[in-house]
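# I would like to see how this sequence folds:
(one chain, ligands or ions: 2)
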Amino acid sequence: MAFESKLQRVGTTIFSTMSALAVEHQAVNLGQGFPDFPMPEALREGVSKAMRDGFNQYAPMPGYLPLREKIAEKVQALYGASIDPSTAITITPGGTYAIYTALTTIVHPGDEVIVFEPAYDSYIPNIELNRGVVVTISLSHPDYRIDWEELKRKITPRTRAIVLNSPHNPTGQVLTDLDIVALRSIVSEHPDLYLISDEVYENLIFDGMPHLSMLRYPDLRERSFVCFSFGKVYHCTGWKLGYCIAPEGLMKEFRKVHQFNVFTCFAPAQVALAEYLENKEGYLLLGTFLQRKRDLFLSLMQGSRFEFLPSHGSYFICAKYHKISEESDTDFAIRLIKEAGVATIPVSAFYRTGEDHKVLRFCFAKKEETLRAARERLSGVR
Ligand code: PMP
Ligand code: GLN
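Numbering: from 1, shown residues only. Ligands and ions are numbered 1, 2, ... in the order given. Model prediction:
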């Protein structure tokens, strides 16, 4: 039977591919972004307790209300935003799903959506599944900043949304005050433009930099779907739980899509998270914790021929390898797995056309011994 794929250019994601190769070659996996250290024990225990306490049936469609209330308190404290937990927050099975649902809510066939590349790999297929038109803008290389003048030029009457991501995967760049000034000025000219803001790394931010959430700015907040992930904040990526915050009118539409897709998410974890969110240190100390890991990894890699680029947030740091090899980043990454026993992610995978600046992404959200083992294995790579 002839079948017309809706995603003709898409194969298996680079994260699955590299993790499978890492297993096959028993490589140290600094590829796919997930921590190899344990999640907080109290939170794990909280889920067992919630199950024992009988929270085993459907949670309400938008999520367990006490959890939404705790989220509202968190964003009030961190971003000064008054968010109504009953109308403006929905618990989702992960940040990726929140982004997909937001795009599905607003993108009609033929609408243009602007994406900055390198871009997290789900954005473009999500737009295409909704028969939107993807308009890409390359971040400058190697500092990975947004060219706001180019954004201005690329906005047309068909532009429905812009996808933003800070702290940024794969580069670890973060939006600054100057970026926000430019963004506010541009969107003020376009009342019908939405923002999909991927803020899953909100608390994973370093060097004393503040996270400039869209929620801080009323003019940006009123047009934004802001997407978060508990998996990233609490070292439990396998739980696949997150949430979306959007103004009531937009959230009403978001929930129409959500209710016919997953309807509601795993209840015991929502109950446990509602309690655990009381512990503010759980997220406030995260930046310092991961900054130490970044700095340890950088100090271990000192003297190698990789040239590391700055990372101010996320779990990731990128490195150029032109002093080692002229291979494409994918070939080099595969050879590193097979010959050195270390998995990374080639950054060309984050570009629709495979733009290759010969840069690899390393995930440093790992135990010290894992980072040391990677260093050991990479020491022979000259
Ligand atoms: N956005 C970015 C930029 C990510 O790196 C991730 C991590 N996979 C996600 C969204 C999705 O997070 P989740 O696992 O909660 O779906
Ligand atoms: N966000 C993770 C990364 O960038 C991976 C998530 C996934 O495997 N889809 O590595």
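
# Just want the residue of the stretch 51-200 of the chain that's nearest ligand 1.
Nearest residue of the stretch 51-200 of the chain to ligand 1, counting by Cβ to the nearest ligand atom: residue 94, 2.8 Å away. Heads up, the C-betas are built off the backbone N, CA and C, glycines and all.

# could you show me where the strands are in the stretch 201-350 of the chain, in order?
Taking DSSP state E, counting those that start in this stretch as the test, the strands found in the stretch 201-350 of the chain are 224-229, 242-245, 307-308, 316-320, 342-343, 345-346.

# pLDDT averaged over the second one - what is it?
So that's strand 242-245. Confidence for strand 242-245, expressed as mean pLDDT, is 98.

# on that earlier part again, nearest to ligand 2, out of the strands of the stretch 201-350 of the chain?
Nearest of those (Cβ to the nearest ligand atom): strand 345-346, 6.5 Å.

# ok, residue 148 touching residue 181?
No: with contact defined as Cβ atoms under 8 Å, residue 148 does not reach residue 181; the gap is 9.2 Å.

# Can you pick out the residue with more neighbours from the two?
Taking other Cβ atoms under 10 Å, residue 148 and residue 181 do not tie; residue 148 has more neighbours (16 against 11).

# quick one: that one from ligand 2, how far?
As judged by Cβ to the nearest ligand atom, to the nearest Å, residue 148 and ligand 2 stand 25 Å apart.

# from here on, count from 32
All set: I'll call the first residue 32, so the last point we hit is now residue 179.

# Any figure for the gap between the residue lying closest to that residue once chain neighbours are set aside and residue 90?
Spatial nearest neighbour of residue 179, chain neighbours left out: residue 213 (3.9 Å); criterion: Cβ to Cβ, 6 or more residues apart in numbering. If you measure residue 213 against residue 90 using Cβ to Cβ, to the nearest Å, the figure is 40 Å.

# what residue is smack in the middle of this structure?
The centroid of the chain falls nearest to residue 231 when counting by Cα atoms, centre = their mean (4.7 Å).

# one step back: which pLDDT value belongs to the residue nearest to residue 179?
pLDDT for residue 213: 98.

# again, but for the one 5 residues further on
Each residue has a pLDDT score; the one for residue 218 is 97.

# Can you name the residues in contact with the helix or strand harbouring it?
Using DSSP states H and E, residue 218 falls within helix 208-219. Defining contact as Cβ atoms under 8 Å, 6 or more residues apart in numbering, one finds that helix 208-219 is touched by 176-177, 179, 182-183, 186, 193, 195, 206, 224, 226, 243, 248, 250-251, 254.

# remind me which residues of the stretch 82-231 of the chain are low pLDDT?
Applying pLDDT under 70 to the stretch 82-231 of the chain flags no residue at all.

# Residue in it with the shortest distance to ligand 2?
Closest approach between the stretch 82-231 of the chain and ligand 2, counting by Cβ to the nearest ligand atom: residue 200, at 5.0 Å.

# residue contacts, that residue?
64, 151, 232, 345, 347.

# Considering only those, which also neighbour ligand 1?
64, 151 (Cβ under 6 Å from any ligand atom).

# could you redo the contacts of residue 200 as JSON lines and give each row distance to residue 262 and neighbour count?
Converted to JSON lines, those look like this (distance: Cβ to Cβ, whole Å; neighbours: other Cβ atoms under 10 Å):
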{"residue": "64", "distance to residue 262": "10", "neighbour count": "22"}
{"residue": "151", "distance to residue 262": "14", "neighbour count": "19"}
{"residue": "232", "distance to residue 262": "11", "neighbour count": "28"}
{"residue": "345", "distance to residue 262": "13", "neighbour count": "29"}
{"residue": "347", "distance to residue 262": "15", "neighbour count": "25"}
